[in-house]
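K.L.:
pasting the structure only:
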Ligand SMILES: O=C(O)c1ccccc1NCC(=O)[C@H](O)[C@H](O)COP(=O)(O)O
């Protein structure tokens, strides 16, 4: 499973599809350099086949969203999955899952083994996990910061839901990350950009090929 996050232009979404990527992420968080409006995401999404037609699943990324923000995005485009990348509690994740009727992927920031203690608390309320690097103090956004964490922390951990590894992954380190973390899937954003917020189609192709080969 490969997810490419922060899709915000036509070349990137076409590259994601051409590479056979399983998931792509649209960032609905205004402070992000990759943020898109619901209308822009819908226009980009229309350029490639839907998941039902064999294209990638569309993941909507939110940070502590109000119900109205979720409703506005879902009215504009049919997301396959909701990614929650803020401080949402297990109860809020369950409420969002019930309200939207979509599976929920909860992002947890990992810096040390103690952060993994949260996994059982969320297991009943979410469908998937994204195990990402914990943002460094002072980070302007809670994800997409090109920060790597110690993949060996995950080597012997049984994660109670399907999960993706994220945080500073690139075409050059993804195979090693998958091997060390024993990750069933990966997600990347910054490592596939030529400038902050601008995806590089060639890096997308190399990343997806490397991840699929390692898997
Ligand atoms: O990517 C963003 O701009 C972003 C903003 C706010 C919350 C989360 C965000 N990204 C989350 C992702 O799923 C990223 O792909 C993940 O954190 C890995 O990012 P990177 O380390 O840049 O590969």
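P.N.:
Cool, the structure landed. Fair warning: this is a prediction, and the values are worked out from it, not measured in the lab. Numbering: from 1, shown residues only.
K.L.:
so residue 15 makes contact with residue 207?
P.N.:
No: the criterion here is C-beta atoms under 8 Å, and residue 15 misses it with residue 207 at 10.0 Å. Every C-beta, even on glycine, is put in place using the N, C-alpha and C of the backbone.
K.L.:
higher neighbour count, the two?
P.N.:
residue 207 (25 against 22; other C-beta atoms under 10 Å).
K.L.:
Spell out which helix or strand contains the more buried one, please.
P.N.:
If you go by DSSP states H and E, residue 207 is part of helix 201-214.
K.L.:
So what touches that helix?
P.N.:
Residues outside helix 201-214 that contact it (C-beta atoms under 8 Å, 6 or more residues apart in numbering): 2, 4, 11-12, 14-16, 18-21, 169-172, 174-175, 178-179, 186, 188, 191-194.
K.L.:
now with 7 Å?
P.N.:
With contact meaning C-beta atoms under 7 Å, 6 or more residues apart in numbering, helix 201-214 is reached by 2, 4, 11-12, 15-16, 19-21, 170-171, 174-175, 178-179, 186, 188, 192.
K.L.:
quick one, what contacts residue 128?
P.N.:
Counted by C-beta under 7 Å, 6+ apart, residue 128 has contacts 103, 105, 161-163.
K.L.:
So which residues on the chain come close to the ligand?
P.N.:
Contact residues, the chain versus the ligand (C-beta under 6 Å from any ligand atom): 5-6, 25, 27, 29, 32, 34, 61, 63, 85, 132, 141-147, 166-169, 187-191.
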